[in-house]
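*Asks:* Using only what follows, build the 3D model:
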Amino acid sequence: MINIKNLNQKNFKKYGKIIELKKGLKSFHVLFGESKDVGWRIGYSRLERKPVYQLEAHPESFETFEPVSGTSIIILSKDKIPQKTEAFLLDKPVCLYKNIWHDVMAVSEFAEIKIFENYEIKGTRYYKLKKPLDIFIK
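*Replies:* Numbering: from 1, shown residues only. Below you'll find the predicted structure:
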């Protein structure tokens, strides 16, 4: 059984940052940046409700997940071998650190997510879960 947690800076900080304006600021600030010229791309994903069978990690790229429609959760692990996972309700945009194991699943019939990442994703690693994760929200 996996508990779905609400996103907040404290419980999410080991995986990345929630994309939101810092307290006390009234305008633009930078959350993440790359010092080298790697380029970036915007992706758009339409997820159908189905179990998660594997996680992936990108050693060389930050990655954002920004909810657009539907209800989804993001499943994460920081372990070298992702035996232990955490799930968060993806109701705010987030940016994952490099090399964080992740997948996103729709818990409504469909969900749409906007994604920013490096233009070329090199060294992606995959980990097949021992048991598929299938989470229901009533």
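*Asks:* Contact partners for the spatially closest residue to residue 9 that is not a sequence neighbour?
*Replies:* With Cβ to Cβ, 6 or more residues apart in numbering as the criterion, residue 9 has its nearest non-adjacent residue at 5.8 Å, and that residue is residue 18. (Glycine included, C-beta is placed from N, CA and C.) If a contact means Cβ atoms under 8 Å, 6 or more residues apart in numbering, then residue 18 has 7-9, 12, 92-94 as its contacts.
*Asks:* tell me the least confident of those?
*Replies:* In this model, the minimum pLDDT among the contacts of residue 18 belongs to residue 9 (90).
*Asks:* Settle this for me: that residue is touching residue 16, isn't it.
*Replies:* No. Residue 9 is beyond contact range of residue 16, at 10.2 Å (criterion: Cβ atoms under 8 Å).
*Asks:* Between these two, which is the more surrounded one?
*Replies:* Taking residue 9 and residue 16 together and counting by other Cβ atoms under 10 Å, residue 16 has the greater number of neighbours (22 against 11).
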